[in-house]
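Q: structural data only, the sequence is not supplied:
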């Protein structure tokens with residue numbers, strides 16, 4: 001079973017109906033979880049509480065980048081507007097390259113068929129720049145997911 005390495009993993013965001021940007025200088029990226037709520041179906045005849053799974057609540061995740069005021073201007077704008085957009089994280093194409101820039105149709109990124117990728121919708125809930133001693137400027141974005149995270153697998 002192959003191991004997915006982080007080198008040449010890429011993060012893309014649809015910032016318009018047909019415009020996709022590659023997020024540069026990514027240090028880490030996560031995916032919103034989908035924890036299911038619980039529905040109590042217990043009644044007076046039960047000795048123990050009884051539950052079934054309810055609706056899945058899309059959570060939040062964080063993305064950390066080495067901050068670049070020019071390259072990350074679009075991300076700060078997404079934080080300002082609160083627009084729900086499409087996110088795509090792709091596995092590397094090879095040991096030395098990532099996938100080419102994908103296209104978007106109606107604001108949804110077309111996932112490549114050559115690598116594993118994960119796709120979700122959400123909005124930039126927070127965009128915080130941090131500066132530490134003897135370090136680079138970093139920014140952490142909190143993304144609030146909206147809907148399920150989809151895993152795209154390569155075509156056979």
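A: Structure's in. What do you need? What you see is a predicted model, and the numbers here were worked out from it, not measured in a lab. Numbers count the residues shown, from 1 in each chain.
Q: dump the residue contacts of the nearest residue to residue 58 once chain neighbours are set aside.
A: Leaving aside its sequence neighbours, residue 58 sits nearest to residue 145 (C-beta to C-beta, 6 or more residues apart in numbering; 3.8 Å). Every C-beta, even on glycine, is put in place using the N, C-alpha and C of the backbone. With contacts defined as C-beta atoms under 8 Å, 6 or more residues apart in numbering, residue 145 is in contact with 31, 32, 58, 59, 60, 61, 120, 121, 122.
Q: among the residues you listed, name the buried ones.
A: Buried by 16 or more other C-beta atoms under 10 Å: 31, 32, 58, 59, 61, 120, 121, 122, out of the contacts of residue 145.
Q: flag the least confident of the residues you listed.
A: Minimum pLDDT across the buried ones among the contacts of residue 145 is recorded for residue 58, with 88.
Q: distance to residue 155 for the contacts of residue 145 - can I get that in JSON lines?
A: Output for these, formatted as JSON lines (distance: C-beta to C-beta, whole Å):
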{"residue": "31", "distance to residue 155": "22"}
{"residue": "32", "distance to residue 155": "26"}
{"residue": "58", "distance to residue 155": "27"}
{"residue": "59", "distance to residue 155": "30"}
{"residue": "60", "distance to residue 155": "31"}
{"residue": "61", "distance to residue 155": "27"}
{"residue": "120", "distance to residue 155": "21"}
{"residue": "121", "distance to residue 155": "23"}
{"residue": "122", "distance to residue 155": "26"}
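Q: mind putting those residues in a markdown table, distance to residue 102 and secondary structure included?
A: Output for those, formatted as a markdown table (distance: C-beta to C-beta, whole Å; DSSP: H, G, I helix; E, B strand; the rest coil):
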| residue | distance to residue 102 | secondary structure |
| --- | --- | --- |
| 31 | 18 | coil |
| 32 | 20 | coil |
| 58 | 22 | strand |
| 59 | 25 | coil |
| 60 | 24 | strand |
| 61 | 20 | strand |
| 120 | 15 | strand |
| 121 | 15 | strand |
| 122 | 18 | strand |
